[in-house]
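Asks: Only the shape, not the letters, is given here:
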Ligand code: T46
């Protein structure tokens with residue numbers, strides 16, 4: 001089974017332009033407890049390099065692009081986030097890395113839980129051990 005799972009955000013456009021509405025438990029498959037966004041990422045910088053124990057997220061590039069790597073400890077897949085109408089579901093116990101941010105990239109992330117540093121698995125070997133691959 002692929003690690004790449006999208007949610008579509010239908011644009012509610014008219015002749016003035018486009019609008020996307022994100023609704024918890026509707027367009028986004030969980031109750032949203034937190035929203036954050038990553039912007040102004042310096043050229044050549046990569047982010048992420050961790051997994052979460054208990055966190056569902058949807059990530060969407062509202063402008064610009066970046067390359068997301070998802071890894072379950074056995075399989076590694078990558079995908080470009082480059083559309084404001086496509087969200088990538090990032091489940092818990094999936095290692096994630098973000099690379100190749102465009103200068104104008106704004107990566108919006110919707111999260112199912114409040115921020116908790118104890119939820120992070122920041123060591124890849126620990127992650128593989130937890131996954132028991
Ligand atoms: C993820 C990827 C996609 C907070 O205080 N609250 C927050 O909600 C977040 C997300 C971060 N922070 C603090 C923790 C660090 O001092 O902001 C700083 C940067 O966070 P971090 O290094 O974890 O950022 P990324 O880009 O490596 O990862 C983030 C999310 O943390 C992570 O959950 O899945 O984006």
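Replies: Good, I have the coordinates. The model shown is predicted, which means the values in this text are computed figures rather than measured ones.

Asks: Only C-alpha atoms from now on, for both contacts and neighbour counts.
Replies: Fine.

Asks: just the residues of the protein that are near the ligand, which are they?
Replies: By C-alpha under 6 Å from any ligand atom, the residues of the chain that approach the ligand are 47, 48, 115.

Asks: Where does residue 125 fall, secondary structure wise?
Replies: helix 124-131 (DSSP states H and E).

Asks: In CSV: the residues of the chain next to the ligand, plus neighbour count.
Replies: Below are those laid out as CSV (neighbours: other C-alpha atoms under 10 Å):
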residue, neighbour count
47, 14
48, 13
115, 13
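
Asks: Show only the entries of those found in strands.
Replies: 47, 48 (DSSP state E).

Asks: residues touching residue 28, list them.
Replies: Counting by C-alpha atoms under 8 Å, 6 or more residues apart in numbering, residue 28 makes contact with 7, 22, 58.

Asks: Listing request: residues of the chain with sub-threshold pLDDT.
Replies: 133 (pLDDT under 70).

Asks: Where does it get nearest to the ligand, residue-wise?
Replies: The ligand sits closest to residue 48 of the chain, with a gap of 3.3 Å, by C-alpha to the nearest ligand atom.

Asks: Not including adjacent chain positions, what is the nearest residue to that residue?
Replies: Excluding its sequence neighbours, the residue lying closest to residue 48 (C-alpha to C-alpha, 6 or more residues apart in numbering) is residue 97, at 4.6 Å.
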